[in-house]
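# Sequence and predicted model, in that order:
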Amino acid sequence: MELRDRIINEARYLFLKHGIKSMTMDDIANHLGISKRTLYEHFNDKGDLLEACLMTHSEQADGEVECIVKSSDNLISIVMQMYAKFLNDTFQINKTFVYDLKKYYPLIYQRMAQSHSQRIDLSLPIFRRGIDDGLVREDINLEVCLWLMKVQFRSLMEDDIMPTDRISQNEFARMIILNFVRGIVTLKGYKLIDEIVEKLKES
């Protein structure tokens, strides 16, 4: 692995775990066992490094989603696997990271938000395929439904609205996904959801 890639991978881990503001370039260099001068040879400043970390994170996430879509037989399976992926990603992210990104790096935050909006556009054909397969209802606005789910997940990650001190993020995420997917599917899709949920419980 090239040094630049190693820096990005390790810095991404530190940012997600500890937040952005608390991590200095000195901290990152010490963690990597390199000099700060070497670090600055690859990145102009912490913002530059942060943006590279987020770009790599997005590219890897897109690759994982593409693999899920290609390996799944139907939309319900795709959504449930995406749910499992979201939970795994959520447990790796400190809420401070999202707060710091929004407050101290608003331009980067806006670019990431715009990228997420584009992902909804890319997701629509997948969900429309569910209509063709008889799994998704024809009488709903899929784009609106996807935006509503996105807003719920954002509030879970960014705000203190949800009482996560007594109800786990896992439980909130589970109900967001289940309510979303059960709200858009046909009876055929509903039965498939129950089958997949039972398999997940067993595993």
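Received, thanks.

# Centroid-wise, who is the farthest residue in this structure?
Relative to the centre of the chain, and counting by Cα atoms, centre = their mean, the farthest-placed residue is residue 37 at 32.7 Å.

# For that one, give me the pLDDT.
pLDDT for residue 37: 96.

# Quick one: distance of the helix or strand it falls within to the chain centre.
For residue 37, the element it lies in under DSSP states H and E is helix 36-42. What separates the centre of helix 36-42 from the centre of its chain is 29 Å, taken as Cα atoms, centre = their mean, to the nearest Å.

# helices and strands around it, which ones?
Counting contacts by 3 or more Cβ pairs under 8 Å, 6 or more residues apart in numbering; DSSP states H and E, helix 36-42 packs against helix 3-18, helix 25-32. C-beta: built from backbone N, CA, C; applies to glycine.

# Quick one: the helices in the chain, in order.
3-18, 25-32, 36-42, 46-71, 75-91, 95-104, 106-132, 142-158, 169-184, 187-202 (DSSP state H).

# just the helices and strands packed on helix 36-42: most buried one?
Of all these, helix 3-18 has the most neighbours on average by mean count of other Cβ atoms under 10 Å, namely a mean of 17.

# what packs against that helix?
Counting by 3+ Cβ pairs under 8 Å, 6+ apart, helix 3-18 packs on helix 25-32, helix 36-42, helix 46-71, helix 95-104.

# Name the stretch among the ones you listed that sits most buried.
Highest mean neighbour count among those (mean count of other Cβ under 10 Å): helix 95-104, a mean of 17.

# report the angle between the axes of that helix and helix 142-158?
Orientation of helix 95-104 against helix 142-158 (axes from the mean of the first three to the mean of the last three Cα atoms, to 10 degrees) gives an angle of 100 degrees.

# Mind listing residues that contact helix 95-104?
15-16, 18-22, 50, 108-109, 112, 157-158 (Cβ atoms under 8 Å, 6 or more residues apart in numbering).

# just the CA coordinates of that helix, formatted as PDB?
Extracted C-alpha coordinates of helix 95-104, given in PDB (Å, rounded to 0.1, in the frame of the first residue of the first chain):
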ATOM      1  CA  LYS A  95     -21.600  11.800  16.300                       C
ATOM      2  CA  THR A  96     -18.900  14.400  16.900                       C
ATOM      3  CA  PHE A  97     -17.500  13.700  13.400                       C
ATOM      4  CA  VAL A  98     -20.800  14.800  11.800                       C
ATOM      5  CA  TYR A  99     -21.100  17.800  14.100                       C
ATOM      6  CA  ASP A 100     -17.500  18.900  13.300                       C
ATOM      7  CA  LEU A 101     -17.900  18.400   9.600                       C
ATOM      8  CA  LYS A 102     -21.000  20.600   9.500                       C
ATOM      9  CA  LYS A 103     -19.600  23.300  11.800                       C
ATOM     10  CA  TYR A 104     -16.000  23.600  10.800                       C
END
